[in-house]
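K.L.:
just a sequence and a predicted model for now, questions to come.
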Amino acid sequence: MEQRRVDFVDAFARPIPTTIMGWILGLDASLEQHFKRWTHDLMSLSAVRPDDTQRKEECRRTVEEMEQYFKEMLADRRRSPGDDMASQLLGARVEGEVLTERELMGFLFMLFLAGLETTTHLISQSARVFAMHPELLPRLRENRALIPRFIEETLRYEPVAAATMRVCLQDAMVDGVEVPGGSLVLVSLASAARDEKYFPDGDRFILGREGPSHLTFGHGPHFCLGVMLARLDARVALEEWVSQVGRVEVRTERIDWLPSLVARGPRTLPVELFPV
């Protein structure tokens with residue numbers, strides 16, 4: 001471990017999913033700093049004020065940059081297909097039809113955001129949990145089989161997908177509140193994850209917690225497509241982490257959180273690491 005004081009997000013949490021998704025999608029690794037800005041801008045869109053014209057213009061330019069980059073990447077794959085997902089999407093057929101340009105762009109935007117930003121937050125939140133509960137690192141180091149359970153409890157306790165938006169299809173009454181059909185509803189997954197009816201003592205981190213699954217990856221037809229990859233990324237990262245780090249301490253009194261209504265994670269996380 002070369003450095004003891006680092007920004008955990010930039011030093012550890014972000015490079016892992018960036019490298020993996022870059023390989024899967026066939027992205028240019030030299031644009032990593034652009035990827036960081038793109039994901040931040042898009043994930044913070046939900047919190048941009050209606051009167052903040054400057055921020056809205058910055059986000060609009062980001063979308064245009066991403067579209068231009070993905071268009072050029074798709075054009076390159078059409079000329080010279082590879083073994084990445086962009087090439088596979090170009091060759092995909094749905095009921096005999098190829099994907100439209102808009103569908104291709106939608107897939108790439110979704111995979112890019114979900115694969116980079118949310119997994120970064122999951123790994124970062126794991127470090128916060130270790131700082132709050134220092135007894136956990138030795139337990140995981142002694143028994144690596146507990147790491148998947150640690151990941152699931154972290155996803156419940158500090159969900160990276162804090163909320164989701166849905167359109168109410170018809171007039172409804174929810175706990176005494178009238179919700180007109182056509183309304184845009186913000187559903188708090190973070191609140192659901194602490195609901196005492198389903199998660200007794202929900203404000204405590206319990207490594208061996210039993211009971212229903214959390215909703216961080218969604219449910220039913222909306223269940224996350226990349227759930228297996230996210231869990232694998234986090235597991236491999238934590239296996240490496242627990243073998244080298246004996247203790248972690250957060251070195252800031254006020255965490256700089258991503259400004260977003262739907263995602264939760266630190267933009268920066270100054271920590272001090274203590275080797276095993």
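P.N.:
Perfect, thanks for sending it. Numbers count the residues shown, from 1 in each chain.
K.L.:
mind checking the longest helix of this protein?
P.N.:
The longest helix of the chain (DSSP state H) is helix 53-79.
K.L.:
mind listing what's buried along it?
P.N.:
55, 59, 62, 66, 69-70, 73-74, 77 (16 or more other CB atoms under 10 Å). Every residue, glycine included, has its C-beta placed from N, CA and C.
K.L.:
helices or strands up against it?
P.N.:
With contacts defined as 3 or more CB pairs under 8 Å, 6 or more residues apart in numbering; DSSP states H and E, helix 53-79 has these neighbours: helix 32-43, helix 85-91, helix 101-113.
K.L.:
helix or strand right after the shortest one?
P.N.:
Helices and strands here follow DSSP states H and E; after helix 85-91, the next one along the chain is strand 93-94.
K.L.:
then the longest one?
P.N.:
Going down the chain from helix 101-113, the next helix or strand is helix 119-132, by DSSP H and E.
K.L.:
isn't Leu215 up against Ala193?
P.N.:
Yes - the criterion here is CB atoms under 8 Å, and Leu215 meets it with Ala193 at 6.9 Å.
K.L.:
distance from the longest helix of the chain to the middle of the chain?
P.N.:
21 Å (CA atoms, centre = their mean, to the nearest Å).
K.L.:
tell me the angle of it relative to helix 32-43?
P.N.:
With axes from the mean of the first three to the mean of the last three CA atoms, to 10 degrees applied, the angle from helix 53-79 to helix 32-43 works out at 120 degrees.
K.L.:
quick check: mean pLDDT of helix 53-79?
P.N.:
For helix 53-79, the mean pLDDT works out to 93.
K.L.:
tell me the angle of it relative to helix 101-113?
P.N.:
110 degrees.
K.L.:
state the three-state secondary structure for Ile24.
P.N.:
For Ile24, the assignment made with DSSP: H, G, I helix; E, B strand; the rest coil gives helix.
K.L.:
ok so, going back, export the helices and strands packed on helix 53-79 to CSV and tack on mean neighbour count?
P.N.:
Listed next are those as CSV, based on neighbours: other CB atoms under 10 Å:
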stretch, mean neighbour count
helix 32-43, 18
helix 85-91, 17
helix 101-113, 16
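K.L.:
and stretch 31-43, how far from the chain's centre?
P.N.:
With CA atoms, centre = their mean as the basis, stretch 31-43 stands 13 Å off its chain's centre.
K.L.:
ok, and what's touching that stretch?
P.N.:
Stretch 31-43 is contacted by residues 14, 18, 22, 27, 58-59, 62-63, 65-66, 69, 109, 112-113, 116-117, 120, 258, 260, 262-263, 267 when judged by CB atoms under 8 Å, 6 or more residues apart in numbering.
K.L.:
nearest spatial neighbour of the residue most central in space within the chain, skipping sequence neighbours?
P.N.:
For the chain, Thr118 is the residue whose C-alpha lies nearest the centre (CA atoms, centre = their mean; 0.5 Å). Residue nearest to Thr118 in three dimensions, not counting chain neighbours: Val160, with 4.8 Å by CB to CB, 6 or more residues apart in numbering.
K.L.:
for Ile206, same thing?
P.N.:
Glu153 (6.5 Å).
K.L.:
pull the CA atoms of the helix or strand where the one you found lies into PDB?
P.N.:
Glu153 is part of helix 147-157, with elements assigned from DSSP H and E. Presented in PDB, the C-alpha positions along helix 147-157 are these (Å, rounded to 0.1, in the frame of the first residue of the first chain):
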ATOM      1  CA  ILE A 147     -18.100 -10.700   1.600                       C
ATOM      2  CA  PRO A 148     -21.200 -11.300  -0.500                       C
ATOM      3  CA  ARG A 149     -23.400 -10.900   2.600                       C
ATOM      4  CA  PHE A 150     -21.500  -7.700   3.500                       C
ATOM      5  CA  ILE A 151     -22.200  -6.300   0.000                       C
ATOM      6  CA  GLU A 152     -25.900  -7.000   0.200                       C
ATOM      7  CA  GLU A 153     -26.200  -5.400   3.600                       C
ATOM      8  CA  THR A 154     -24.300  -2.400   2.300                       C
ATOM      9  CA  LEU A 155     -26.700  -2.100  -0.600                       C
ATOM     10  CA  ARG A 156     -29.600  -2.100   1.900                       C
ATOM     11  CA  TYR A 157     -28.000   0.100   4.500                       C
END
